[in-house]
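Enquirer: sequence plus predicted model, see below.
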Amino acid sequence: MSMQAAIKQSPLHKYHEEYHAQMVEYAGWEMPIKYTTSIKEEHVHTRMSGSLFDVSHMGRLSIKGKDSARFLEHVCSRKIGSMVEGQCRYSLICNEHGGVRDDVIVNRMGENEFLVVVNAGNREKIVGHFETVIAGRCFDVKMEDWTEKTAMIAMQGPKVMELIGKVSPEIPQLKRYRFLVKNMMIMKIMVARTGYTGEDGVEVILPASAIGMAMKMLMKEMSSEEDHETIKPCGLGARDTLRLEAGMPLYGHELGEDICALSCGVDFVIALDKTVEEHGETFIGQEALMKIRDAGGPEVKLVGLKIDSKRTARQGMAILVDGQAVGTVSSGCMSPTLEQSIAMGFVPSTHTEIGTRVQIDAGRMKLDAMVVELPFYKRGK
């Protein structure tokens with residue numbers, strides 16, 4: 001009889017207790033779904049001011065060695081060798097059939113050193129996959145899992161960069177998808193201008209042992225005299241509604257092993273022009289995806305949907321055209337920013353035109369909806 005793995009606690013667990021978080025199990029971790037207010041209030045605060053998210057459950061894998069760039073070129077859909085030190089790139093890791101094993105952020109730390117951030121629920125799967133590829137191809141690569149030695153936080157919102165400039169003036173000078181490594185007191189931290197909310201901000205990786213001191217310093221500095229709570233803690237509930245408004249895919253919803261990578265609306269991260277001659281490697285799944293492309297493209301594609309009703313569409317609900325099920329909802333919520341029920345889902349490629357009318361089968365009700373352009377929300381518009 002196998003024992004169930006113990007649920008892991010984030011290095012920020014005491015911080016969550018201090019701010020009275022409602023905790024839930026997520027991908028093997030005990031994480032905050034929300035704090036003392038509501039998911040909607042946390043969402044709105046992020047859009048209006050700024051929030052701090054604990055994302056320590058995300059996997060952090062160190063990749064070092066002479067073949068590190070070549071190895072990542074082979075497992076990632078994005079071009080890796082052309083990255084410069086201090087650059088981040090969003091990428092997919094595909095299977096041989098062109099499905100998605102995971103979506104990741106690759107950070108180039110040095111000539112032969114990278115840090116790959118993976119989804120919490122896929123961490124063990126990706127570690128196993130990487131080990132198999134490294135051994136099978138005899139790549140000169142050493143992989144270390146830094147997840148439980150480090151903490152990771154995200155600060156997102158329109159006031160974040162101004163406030164973080166008080167702590168470190170050079171951070172607001174970072175371009176999007178760039179990072180720097182700073183020595184602060186007795187700790188080394190990595191700050192990347194990335195995020196998963198549609199807002200500006202940063203994601204920070206630092207030693208787990210230093211998180212208590214770092215949080216005290218951050219929460220003191222990341223506030224203004226006018227509003228001592230400019231940056232507030234925010235849970236996974238609002239993180240999901242924020243990313244949905246921003247049209248960002250979530251693994252297990254818009255991305256998966258059985259979902260064609262070309263269906264997910266992230267074609268910009270799929271380099272089908274990779275060649276062994278130019279890049280040293282092609283990527284796993286590239287051949288399958290090229291065949292799909294050459295045959296006319298994927299059968300289904302991801303679309304945004306605005307729903308006429310106040311009812312919320314849920315993952316798995318059928319999308320109907322003329323009463324016939326043609327697709328499936330992948331994510332849905334009531335958008336706090338738009339005050340509108342929104343969803344994403346997969347429909348046949350012939351039904352993706354903006355303005356196409358569909359219905360969503362919500363059981364006893366059929367919800368009228370329309371295909372709209374993604375993202376639903378764009379910062380500054």
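Expert: It's in.

Enquirer: any idea which residue sits dead centre in the chain?
Expert: Tyr196 (5.4 Å; Cα atoms, centre = their mean).

Enquirer: just checking, it touches Ala154?
Expert: Yes: the pair Tyr196 and Ala154 qualifies as a contact (Cβ atoms under 8 Å) at a distance of 7.0 Å. (C-beta placed from N, C-alpha, C; glycine too.)

Enquirer: wait, a helix at the residue nearest to the centre of the chain?
Expert: No: going by DSSP: H, G, I helix; E, B strand; the rest coil, the assignment for Tyr196 is coil, not a helix.

Enquirer: report the distance from stretch 294-310 to the chain centre.
Expert: The chain centre lies 20 Å from the centre of stretch 294-310; the measure is Cα atoms, centre = their mean, to the nearest Å.

Enquirer: buried ones in it?
Expert: By 16 or more other Cβ atoms under 10 Å, the buried positions in stretch 294-310 come out as 298, 300-307.

Enquirer: among these, which one sits closest to Lys149?
Expert: Proximity of the buried residues of stretch 294-310 to Lys149 (Cβ to Cβ) peaks at Leu302, which lies at 35.7 Å.

Enquirer: please save the CA atoms from stretch 116-133 in PDB.
Expert: Extracted C-alpha coordinates of stretch 116-133, given in PDB (Å, rounded to 0.1, in the frame of the first residue of the first chain):
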ATOM      1  CA  VAL A 116      13.900  26.800 -16.500                       C
ATOM      2  CA  VAL A 117      10.700  27.600 -14.600                       C
ATOM      3  CA  VAL A 118       8.000  24.900 -15.000                       C
ATOM      4  CA  ASN A 119       4.500  24.400 -13.800                       C
ATOM      5  CA  ALA A 120       4.100  22.900 -10.400                       C
ATOM      6  CA  GLY A 121       1.900  20.000 -11.500                       C
ATOM      7  CA  ASN A 122       4.400  19.100 -14.200                       C
ATOM      8  CA  ARG A 123       7.600  19.400 -12.300                       C
ATOM      9  CA  GLU A 124       8.200  15.700 -11.700                       C
ATOM     10  CA  LYS A 125       7.200  14.800 -15.300                       C
ATOM     11  CA  ILE A 126       9.500  17.400 -16.800                       C
ATOM     12  CA  VAL A 127      12.400  16.400 -14.600                       C
ATOM     13  CA  GLY A 128      11.900  12.800 -15.700                       C
ATOM     14  CA  HIS A 129      11.700  13.800 -19.300                       C
ATOM     15  CA  PHE A 130      14.800  15.900 -19.100                       C
ATOM     16  CA  GLU A 131      16.700  13.100 -17.500                       C
ATOM     17  CA  THR A 132      15.700  10.700 -20.200                       C
ATOM     18  CA  VAL A 133      16.600  13.100 -23.000                       C
END
